[in-house]
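1. this is the structure alone, sequence omitted:
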Ligand code: PMP
């Protein structure tokens with residue numbers, strides 16, 4: 001495989017061509033959301049200019065065409081994550097909703113004495129949701145600890161698994177630290193105890209191949225907007241035999257089979273978990289994003305992102321007064337840090353003045369920040385359209401910040 005043609009890729013992202021404060025924009029907030037290539041913007045525009053109509057209901061041309069594009073996008077997702085069947089691909093509004101669908105169903109099945117296991121590196125979406133499912137059902141939430149470097153403590157994880165463990169929910173990649181978890185191995189351990197497993201794939205999908213069959217999990221949830229697609233659309237993948245009788249989440253149109261005043265029956269997968277008019281343009285946009293992403297050489301993408309990470313880590317380690325937060329051996333996409341003696345918010349402000357967009361704060365992971373004993377971090381997060389020059393520019397700007405804040 002050749003090197004990734006980053007300039008050619010960048011030319012497809014109009015938003016990256018602008019200046020901020022008279023300086024070229026350097027967008028390093030990709031873990032929050034990624035930018036959208038022209039192919040995605042065009043697919044959404046085409047939908048609204050050519051065939052906007054509701055899906056699955058009209059007896060007319062526009063509706064047929066909208067339905068065709070919408071269901072084709074579902075096929076794209078199934079291929080992308082290597083699902084066995086398109087019935088396993090449920091549209092959601094994002095990772096958060098996907099996790100809520102699963103936790104809501106689980107809350108109806110958990111009992112006192114049952115346990116749900118998460119980790120110390122959860123995003124609130126995969127923590128609060130399970131905490132509340134436990135509150136509702138009387139089950140107990142267990143939290144697998146991490147090491148100080150941000151890697152999951154595998155021995156502790158294993159010792160927390162027991163016959164009481166009914167559900168395990170873990171992130172593929174931590175949004176706050178960049179830690180890549182050995183999800184296949186962790187899933188296998190959980191399955192040995194008979195637990196169901198959900199992987200929070202919000203940060204996992206944009207860095208290369210996801211193969212849900214190979215992981216062996218029961219559910220994998222992700223958001224379109226972190227995969228170069230639009231906001232407001234996401235996917236919950238679940239094994240067909242698990243989704244088949246999963247408690248329905250919302251009720252209404254589209255998801256039913258037969259309705260009387262007394263009772264109703266639910267439709268078939270995937271519609272039984274998709275009530276109401278869906279985000280049609282969003283789904284089509286996400287389909288286009290996946291087409292675009294899959295047209296790239298994904299091993300070249302991974303090599304490029306590894307090179308960005310390696311350069312960032314090397315420069316961070318050599319940077320006086322900078323403390324890296326989270327330095328697990330397997331790590332991608334995220335450099336979290338603090339500049340000693342300064343608040344992350346001030347660092348973010350000074351970088352913004354130099355055209356560099358990062359995120360600062362607790363990254364929706366308050367208990368993780370407490371565990372690492374930091375108020376929050378500054379986080380630079382990289383995507384395939386970032387360059388090594390941009391990583392260098394980050395550290396030039398950080399030197400200025402260090403001088404100003406000293
Ligand atoms: N989990 C992780 C690891 C995330 O990074 C995010 C988004 N920051 C979410 C869940 C929630 O995703 P969304 O807000 O798109 O639903």
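-> Everything's here; your move. These numbers come from a predicted model, not from an experiment.

2. would you map out the domains in this protein?
-> Domain assignment for the chain, taken from automatic domain parsing, gives 6-30+297-405, 42-294.

3. so which residues of the stretch 1-150 of the chain form strands?
-> For the stretch 1-150 of the chain, the strands defined by DSSP state E, counting those that start in this stretch occupy 19-20, 23-24, 26-27, 89-92, 115-119, 140-144.

4. burial check on residue 385, number of neighbours?
-> 22 (other C-beta atoms under 10 Å). Glycine gets a C-beta too; all of them are placed from N, C-alpha and C.

5. oops, could you answer that again for residue 276 instead?
-> Neighbours of residue 276 (other C-beta under 10 Å): 11.

6. residue 298 now?
-> Using other C-beta under 10 Å: residue 298 sits among 16 other residues.

7. isn't it right next to residue 210, touching?
-> No: taking contacts as C-beta atoms under 8 Å, residue 298 lies outside contact range of residue 210: 10.5 Å.

8. what touches both of these two?
-> With C-beta atoms under 8 Å, 6 or more residues apart in numbering applied, the contact sets of residue 298 and residue 210 do not overlap.

9. at the contact with the ligand, which residues of the protein appear?
-> Counting by C-beta under 6 Å from any ligand atom, the residues of the chain close to the ligand are 94-96, 123, 125-126, 171, 175, 200, 202-203, 223, 364.

10. now render the residues you listed as TSV, adding pLDDT.
-> Listed next are the residues of the chain next to the ligand as TSV, based on pLDDT from 0 to 100:
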residue	pLDDT
94	98
95	98
96	98
123	98
125	98
126	98
171	98
175	98
200	98
202	98
203	98
223	98
364	97
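
11. hang on, the earlier thing: mean pLDDT, distance to residue 51 and mean neighbour count for the strands of the stretch 1-150 of the chain - can I get that in CSV?
-> Output for the strands of the stretch 1-150 of the chain, formatted as CSV (pLDDT from 0 to 100; distance: least, C-beta to C-beta, whole Å; neighbours: other C-beta atoms under 10 Å):
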stretch, mean pLDDT, distance to residue 51, mean neighbour count
strand 19-20, 94, 36, 12
strand 23-24, 96, 37, 14
strand 26-27, 98, 32, 23
strand 89-92, 98, 18, 25
strand 115-119, 98, 42, 24
strand 140-144, 98, 46, 19
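
12. so which of these is nearest residue 275?
-> Of all these, it is strand 89-92 that lies closest to residue 275, at 10.8 Å by C-beta to C-beta.

13. give me the neighbour count for residue 112.
-> Neighbours around residue 112, by other C-beta under 10 Å: 9.

14. without its sequence neighbours, what residue ends up closest to it?
-> Using C-beta to C-beta, 6 or more residues apart in numbering and skipping residues adjacent in sequence, the residue nearest residue 112 is residue 138, 3.8 Å away.

15. ok, the one you found - contacts?
-> 110-112.

16. report the distance from the one helix or strand residue 188 maps to to the chain centre.
-> Assigned by DSSP states H and E, residue 188 belongs to helix 183-192. From the chain centre to the centre of helix 183-192 is a distance of 20 Å (C-alpha atoms, centre = their mean, to the nearest Å).

17. list the contacts for residue 42?
-> By C-beta under 8 Å, 6+ apart, residue 42 lies in contact with residue 288.

18. any idea how far it is from residue 100?
-> Separation of residue 42 from residue 100 (C-beta to C-beta, to the nearest Å): 32 Å.

19. residue 55 too?
-> Counting by C-beta to C-beta, the gap from residue 55 to residue 100 is 23 Å.

20. ditto for residue 138
-> Relative to residue 100, residue 138 is positioned 19 Å away (C-beta to C-beta).

21. same deal with residue 287?
-> Where residue 100 is concerned, residue 287 sits at a distance of 23 Å (C-beta to C-beta).

22. go on, residue 401?
-> Using C-beta to C-beta, residue 401 is found at 38 Å from residue 100.

23. now residue 166
-> Distance from residue 166 to residue 100, counting by C-beta to C-beta: 17 Å.

24. ranges for the helices of the protein?
-> 6-10, 38-46, 61-81, 95-107, 128-137, 154-160, 183-192, 212-215, 240-243, 280-294, 298-317, 344-353, 366-371, 388-405 (DSSP state H).

25. just put those in TSV and tack on distance to residue 267.
-> Output for those, formatted as TSV (distance: least, C-beta to C-beta, whole Å):
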stretch	distance to residue 267
helix 6-10	41
helix 38-46	27
helix 61-81	15
helix 95-107	15
helix 128-137	25
helix 154-160	38
helix 183-192	29
helix 212-215	23
helix 240-243	12
helix 280-294	18
helix 298-317	35
helix 344-353	47
helix 366-371	39
helix 388-405	48
